[in-house]
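In: Turn this into a structure:
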Amino acid sequence: MADYEDLDSYNGDPVHDGWVDFDYNENTGELSGLFEDTDIDQFIDNLNDWD
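Out: Alright, predicted model coming up:
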């Protein structure tokens, strides 16, 4: 993993901005809206419906 500085601000680079989000979530214990239980359950239900 590359060392990133200024993980407290976005700089427009998608990779750096992703690390900013990861660092925030890791340090605060908060998860983004992508990990809502209802969304994951819906995703799994859709996978189970495939034939």
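In: which regions of this structure sit below the pLDDT cut-off?
Out: The model of the chain has pLDDT under 70 over residues 1-6, 32-36, 51.
In: change it to 80
Out: Where the chain drops to pLDDT under 80, the residues are 1-8, 26, 29-40, 50-51.
In: residues in contact with residue 30?
Out: Residues near residue 30 by C-beta atoms under 8 Å, 6 or more residues apart in numbering: residue 24. Heads up, the C-betas are built off the backbone N, CA and C, glycines and all.
In: Can you tell me how far it is from residue 23?
Out: 12 Å (C-beta to C-beta, to the nearest Å).
In: Do you have the helices of this structure handy? List them.
Out: 14-28, 37-48 (DSSP state H).
In: Mind putting these into TSV with distance to residue 8 and mean neighbour count?
Out: As requested, those are exported to TSV (distance: least, C-beta to C-beta, whole Å; neighbours: other C-beta atoms under 10 Å):
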stretch	distance to residue 8	mean neighbour count
helix 14-28	7	12
helix 37-48	28	9
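In: wait, residue 16 sits on residue 10?
Out: Yes. If you go by C-beta atoms under 8 Å, residue 16 and residue 10 touch, sitting 7.4 Å apart.
In: residue contacts, the closest residue in space to residue 23 that isn't next to it in sequence?
Out: Leaving aside its sequence neighbours, residue 23 sits nearest to residue 7 (C-beta to C-beta, 6 or more residues apart in numbering; 4.4 Å). Taking C-beta under 8 Å, 6+ apart as the contact definition, residue 7 lies against 19-20, 23.
In: One more: residue 40?
Out: With contact set as C-beta under 8 Å, 6+ apart, residue 40 has no partners.
In: Distance of it relative to residue 28?
Out: In terms of C-beta to C-beta, residue 40 sits 20 Å off from residue 28.
In: Next: residue 41.
Out: Residue 41 is 24 Å from residue 28, by C-beta to C-beta.
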